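my questions are about this predicted structure, shown below with the sequence.
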Amino acid sequence: MLILKVEGLTKKFGRCLANNNICLQMNQGDIYGLVGKNGAGKTTLMRQIAGYMKSTSGSIEWFEIEGCIPKLGVAIETDCFNRSLNAVSLLKLYGNSIEQIDSQEIDNILKQVGLYQDRFKKIGKYSTGMKQKLSIALALICSPDFLILDEPMNGLDPASVKEIRELLISINQEKKVTMMISSHILSELTKIVTVYGVIANGCLIKQLSSDELNEMDEEQRELYFLHLMEGET
């Protein structure tokens, strides 16, 4: 069932064309991997879809789930928190701005992302990886139908990468949450993604399913995506 349709999405900053005529569709339950080099336009596209940035042209259409527009959970900015707060205070502040949230729910989310033991530590003392987990926790607080995660495994140690990967798979499979995840690290995306979109120079140049890659070994997949990320089709 279709949940998102993007048509002709374009973003200009002055004379600079950040994204150009992007078209894509996502079905409910997809884990859509947005692949591209740094500066390719992944974050700009995610900010447009999330409603954080106005597009120069094009359209974004959301389709209802059980009669309601999908709720979005977004993790794009990972280092813009009030450094004097702790995780519990931040989640309570953010959660209560959306709807009333109780302490048990906050604790459950922090356990999910592996921050429960550090829930009362000031955010200013968090590592990069801990801030990444906190960003995901904030995205989960509204019980979203659709998650937008920009480089969710960036800055994490291998054990934390595994934790977040398993968490995202669990959320997708058990709660049927649709996800768009960006990364330039193909090896991580191949473990969870069902559909790929490759961006090069602000253009979505290729979309393909994970099934289409099954006949390639790891080295072949990497070479294939490297060519695509260079804009070669």
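On my side now, so go ahead.

next up, phi/psi of the residue nearest to the spatial centre of the chain, please.
Taking C-alpha atoms, centre = their mean, the centroid of the chain lies closest to residue 149, which sits 1.5 Å from it. Here is the backbone geometry of residue 149 (degrees, to the nearest 10): phi -120, psi 120.

which one's the longest helix in this protein?
helix 158-175 (DSSP state H).

can you list the strands that the helix or strand just after that one pairs with?
Later in the chain than helix 158-175, the nearest helix or strand by DSSP states H and E is strand 178-183. The strands beside strand 178-183 in its sheet (DSSP bridges) come out as strand 31-35 (parallel), strand 146-150 (parallel).

could you pull up the mean pLDDT of the longest helix of the chain?
For helix 158-175, the mean per-residue pLDDT is 87.

let me know the angle separating it from strand 31-35.
140 degrees (axes from the mean of the first three to the mean of the last three C-alpha atoms, to 10 degrees).

in stretch 141-150, what counts as buried?
Neighbour counts over stretch 141-150 (16 or more other C-beta atoms under 10 Å) mark 141, 142, 144, 145, 146, 147, 148, 149, 150 as buried. In this view, the C-beta of every residue, glycine as well, is placed from N, C-alpha and C.

okay, strands next: where are they in the chain?
With strands called from DSSP state E, the chain shows them at 2-13, 16-27, 31-35, 57-62, 72-75, 146-150, 178-183, 195-200, 203-209.

sheet partners, orientation included, of the shortest one?
The strands beside strand 72-75 in its sheet (DSSP bridges) come out as strand 146-150 (parallel).

any idea how far the partner strand is from the middle of the chain?
3 Å (C-alpha atoms, centre = their mean, to the nearest Å).

so where is the chain shaky, pLDDT-wise?
77-80, 98-99, 231-233 (pLDDT under 70).

tally of neighbours for residue 179?
For residue 179, the count of nearby residues is 24 (other C-beta atoms under 10 Å).

who are the contact partners of it?
Listed by C-beta atoms under 8 Å, 6 or more residues apart in numbering, the contact partners of residue 179 are 30, 31, 32, 146, 147, 148, 149, 168, 171, 172.

the third one touches residue 198, doesn't it?
No. Counting by C-beta atoms under 8 Å, residue 32 sits too far from residue 198 to count as a contact (11.5 Å).

against residue 135, how distant is residue 119?
Counting by C-beta to C-beta, to the nearest Å, the gap from residue 119 to residue 135 is 15 Å.
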